[in-house]
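Undergrad: how would this look folded up:
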Amino acid sequence: MNLLTMTNISKAFYGVTVLESVNFEVETGEIHALLGENGAGKSTLMNILAGIYNKDSGSVVFNGKELTENSIKGAEQVGIAFVHQELNILNDLKVYENLFLGKELTTPYGTLKKREMIREAEELFQKLGVQMNPSALANQLDTSKKQLLEIAKALYSDAKLFILDEPTTALNYEEIAHLFDIIIRLKKEGKSFIFISHKMPEIFQIADRYTILRNGQFIKKGSIKETTPEEVTKHMVGENYLSSELYVTRQPGEPVLELHNLSGVGFSDINFSLKKGEIVAFTGLQGAGCSEVMRTVFGVLKPVSGKMLIQGQEIKSTNITTAMKHKIAMVAANRKENSILPDMTILENIYVSEHNIHFRQQHIWKRREIVKYHKLRTTLNIRAGSPNNAITSLSGGNQQKAILARWLNTEADILLLDNPTQGIDVGAKREIYKLILELSKEGKSIIVNTLEIPEIQKIADRCIVFYHGKVAIELERGDINEKTVMLYATHAVYAKSM
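TA: Got it, this is the predicted structure:
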């Protein structure tokens, strides 16, 4: 029995059609994967369902009734909960205040029942198996905890249908497994889920059925059991699909970055060397120390002990400006919080770091910056209109390319990429992989932190696996596979001897 039926849904923005007569159905008690590249229309369709956008035509029937009132509150009242890819946590509020925002428990006199809300938050977190202090400020949470809080907010609403848009992007393997346990348990209780993800292994692990959109149109639907990741990807990408491996053998040069017994926040005694033109992958469970090492090299965090050498020269004073002047760049994880400047244009987002290095130059020559913008836009294949458009007008993949353009604009030689393909589609991922390989051919040295083993296999010369802040093993390219990485990332390789 269908819980949701969306029929002939169409939508246009400023005369540009983004959805054209799309049909979409979700059954009661099922997990339905909604698939497509960035810009395929998935988010627009879900925003219509959640009452954020008005549809131009078509009908939405939910739980046997047509939805005529188009509002966020109306969607929530009938039992639709939306967990957005872009986190909507208010950092200045406490955890429990975020959880109950708009649904506060009050006395008959209008005062807040703080203790009751804290108690209910504790009970919910315990039920979900989440370790989180309801009274802590949200800005004290790392990205994965914020993601879990966002999911908890939706689960607290006791909805009938949950829209999960890239819910696992900031979660580690254990947290993903736990989230999937929760989803399956709720499915058995009759809850339904729309699961949006670009991670094929997750889709084939958790989903029952799928629907594919491309360029705002319905392409295909069916049972997950009756298809393959390759077939799904071909339908998502269309004629542009290529399944071949990307990696190309190269000959690295001399060391450009060396860490000697480096210790800092979240890691200790790291010995590592990165060569000119080399691509090295960092991986490990969330919190294993990969991001912390990269942030320390970039000067965001201070080292506690050890040495760092760049081009053979020891760097004793570390901060972001020093790193940038030594031609180090970093594309941080979670572009919404750590990278894009949403109130600025695409052009301003690209030239901001270069002008931070040359801060004594008081004037910005816009004509010169536009020339550089068009060159970078062509090089990185950024799909954008005017450079004066807002950065938020770009899709997730093109935002990521714009941030990479920002750092290439500084003429950096060492690139630190922390989860560079987070939340972007398979086509955009492939373009990012090609860019990384092209940059390495040009002599750029690159460290990529990622949890995705297939991603590592497509681009990396070597792989460093971290466990609890230490290097568990260094794998040469031929030894990189899912099983080996996970054995060391979870420390399972030593379990038999303990």
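Undergrad: break this protein into its domains for me.
TA: Per automatic domain parsing, the structural domains of the chain span 2-89+141-239, 255-497.
Undergrad: check the gap between Lys94 and Thr322 for me.
TA: Plainly put, Lys94 is 36 Å away from Thr322 if you go by Cβ to Cβ, to the nearest Å. In this view, the C-beta of every residue, glycine as well, is placed from N, C-alpha and C.
Undergrad: who's more crowded, the two?
TA: Counted by other Cβ atoms under 10 Å, Lys94 and Thr322 do not tie: Lys94 has more neighbours, with 21 against 15.
Undergrad: correct me if wrong: that one contacts Met132.
TA: No. Under the criterion of Cβ atoms under 8 Å, Lys94 is not in contact with Met132, lying 11.0 Å apart.
Undergrad: please name whichever of the domains of the chain is nearest to Pro108.
TA: Judged by Cβ to Cβ, the one of those that comes nearest to Pro108 is domain 2-89+141-239, at 22.6 Å.
Undergrad: low-confidence ranges in the protein?
TA: Low-confidence segments of the chain (pLDDT under 70): 38, 86, 170, 239-245, 335-339, 355-364, 423-425, 493-498.
Undergrad: tell me the SS of the most centrally placed residue in the chain?
TA: Centroid check for the chain by Cα atoms, centre = their mean gives Gln422 as the closest residue, at 3.1 Å. Gln422 falls in the coil class when you classify it by DSSP: H, G, I helix; E, B strand; the rest coil.
Undergrad: just confirm it contacts Val331, I think it does.
TA: No. The pair Gln422 / Val331 is not scored as a contact, 10.1 Å apart, by Cβ under 8 Å.
Undergrad: so what's Ser353 up against?
TA: Met324, Ala329, Arg406, Trp407, Asn409, Thr410 (Cβ atoms under 8 Å, 6 or more residues apart in numbering).
Undergrad: and these as TSV, adding neighbour count and distance to Tyr373?
TA: Listed next are the contacts of Ser353 as TSV, based on neighbours: other Cβ atoms under 10 Å; distance: Cβ to Cβ, whole Å:
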residue	neighbour count	distance to Tyr373
Met324	20	20
Ala329	24	17
Arg406	23	11
Trp407	22	14
Asn409	21	9
Thr410	19	14
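Undergrad: and the residues you listed, which is closest to Arg119?
TA: Arg406 (45.6 Å).
Undergrad: summarise which helices and strands the strand or helix carrying that closest one is packed against.
TA: Following DSSP states H and E, one finds Arg406 within helix 396-408. When contacts are defined as 3 or more Cβ pairs under 8 Å, 6 or more residues apart in numbering; DSSP states H and E, helix 396-408 packs onto strand 328-331, helix 335-338, helix 346-357, helix 366-380, helix 426-441.
Undergrad: so which of those is the most packed in?
TA: strand 328-331 (a mean of 24; mean count of other Cβ atoms under 10 Å).
Undergrad: then it to PDB, C-alphas only?
TA: The C-alpha atoms that make up strand 328-331 are tabulated as PDB, following Å, rounded to 0.1, in the frame of the first residue of the first chain:
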ATOM      1  CA  ILE A 328      50.000  24.700   1.700                       C
ATOM      2  CA  ALA A 329      46.300  24.700   1.100                       C
ATOM      3  CA  MET A 330      43.400  22.800   2.700                       C
ATOM      4  CA  VAL A 331      39.900  22.000   1.500                       C
END
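Undergrad: helices or strands up against that strand?
TA: helix 290-297, helix 396-408, strand 414-418.
Undergrad: go through these and name the closest to Leu3.
TA: helix 396-408 (28.2 Å).
Undergrad: mind putting the helices and strands packed on strand 328-331 in JSON lines, distance to Leu124 included?
TA: Formatted as JSON lines, the helices and strands packed on strand 328-331 follow (distance: least, Cβ to Cβ, whole Å):
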{"stretch": "helix 290-297", "distance to Leu124": "28"}
{"stretch": "helix 396-408", "distance to Leu124": "30"}
{"stretch": "strand 414-418", "distance to Leu124": "30"}
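Undergrad: nearest to Ser57, of those?
TA: Ser57 sits nearest to helix 396-408 of all these, at 27.3 Å, using Cβ to Cβ.
Undergrad: list of residues touching stretch 213-223?
TA: So stretch 213-223 is contacted by 17-25, 34-37, 39-42, 44-45, 208-212, 235-238 (Cβ under 8 Å, 6+ apart).
Undergrad: hang on, I meant stretch 45-64
TA: By Cβ under 8 Å, 6+ apart, stretch 45-64 touches 2-12, 19, 21-22, 24, 34, 44, 66-67, 69-76, 78-80, 82, 160-161, 163, 165, 194, 196, 213.
Undergrad: are any of those residues buried, and which?
TA: Burial by neighbour count, judged by 16 or more other Cβ atoms under 10 Å, picks out 3-4, 6, 9-11, 19, 22, 24, 34, 44, 67, 70, 75-76, 79-80, 82, 160-161, 163, 165, 194, 196, 213 from these.
Undergrad: coming back round to it: can you redo the domains of the chain as CSV with distance to Gly110?
TA: What follows is the domains of the chain, written out as CSV (distance: least, Cβ to Cβ, whole Å):
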stretch, distance to Gly110
domain 2-89+141-239, 20
domain 255-497, 34
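Undergrad: right, and those - which one's nearest Lys113?
TA: domain 2-89+141-239 (15.0 Å).
Undergrad: strand partners of the helix or strand encompassing Ser268, parallel vs antiparallel please.
TA: Ser268 is part of strand 267-275 when elements are defined by DSSP H and E. Within its sheet, and counting by DSSP bridges, strand 267-275 is paired with strand 255-264 (antiparallel).
Undergrad: what comes up buried for the partner strand?
TA: Pro255, Val256, Leu257, Glu258, Leu259, Leu262, Ser263, Gly264.
Undergrad: in CSV, list the residues you listed along with distance to Ile340.
TA: Output for the buried residues of strand 255-264, formatted as CSV (distance: Cβ to Cβ, whole Å):
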residue, distance to Ile340
Pro255, 33
Val256, 28
Leu257, 26
Glu258, 32
Leu259, 29
Leu262, 30
Ser263, 32
Gly264, 27
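Undergrad: quick one on the thing from earlier: and the helices and strands packed on helix 396-408: which comes nearest Ser305?
TA: Closest approach to Ser305 among the helices and strands packed on helix 396-408 is made by strand 328-331 (20.2 Å; Cβ to Cβ).
Undergrad: note down every partner strand of the closest one and its orientation.
TA: Counting by DSSP bridges, strand 328-331 is paired with strand 414-418 (parallel).
Undergrad: for the strand it pairs with, which outside residues touch it?
TA: Contacts for strand 414-418 (Cβ under 8 Å, 6+ apart): 256-257, 274, 290-291, 294-295, 297-298, 310, 326-333, 404, 407, 436, 439, 444-449.
Undergrad: dump the residue contacts of the closest residue to Thr490 other than its chain neighbours.
TA: In this structure, Thr490 finds its nearest non-sequential neighbour in Leu285, 6.9 Å apart by Cβ to Cβ, 6 or more residues apart in numbering. Leu285 is in contact with Asn172, Tyr173, Glu174, Tyr467, Ala489, Thr490, counting by Cβ under 8 Å, 6+ apart.
Undergrad: ok now the helix holding Arg406, how far from the chain's centre?
TA: Helix 396-408 sits 14 Å away from the centroid of its parent chain (Cα atoms, centre = their mean, to the nearest Å).
Undergrad: tell me the angle of it relative to strand 414-418?
TA: 150 degrees (axes from the mean of the first three to the mean of the last three Cα atoms, to 10 degrees).
Undergrad: now do helix 396-408 against helix 346-357, angle only.
TA: 30 degrees.
Undergrad: next, the angle from helix 396-408 to helix 426-441.
TA: Using the same axes, to 10 degrees: helix 396-408 against helix 426-441 is 20 degrees.
Undergrad: dump the C-alpha coordinates for helix 396-408 into CSV.
TA: Backbone C-alpha positions of helix 396-408 (Å, rounded to 0.1, in the frame of the first residue of the first chain) are rendered in CSV as follows:
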residue,chain,number,x,y,z
GLY,A,396,27.3,20.8,-4.1
GLY,A,397,29.8,19.5,-6.5
ASN,A,398,30.4,22.8,-8.1
GLN,A,399,30.7,24.5,-4.7
GLN,A,400,33.5,22.0,-3.9
LYS,A,401,35.2,22.8,-7.2
ALA,A,402,35.0,26.5,-6.4
ILE,A,403,36.7,25.9,-3.1
LEU,A,404,39.4,23.9,-4.8
ALA,A,405,39.7,26.9,-7.3
ARG,A,406,40.2,29.2,-4.3
TRP,A,407,43.3,27.3,-3.2
LEU,A,408,44.7,26.8,-6.7
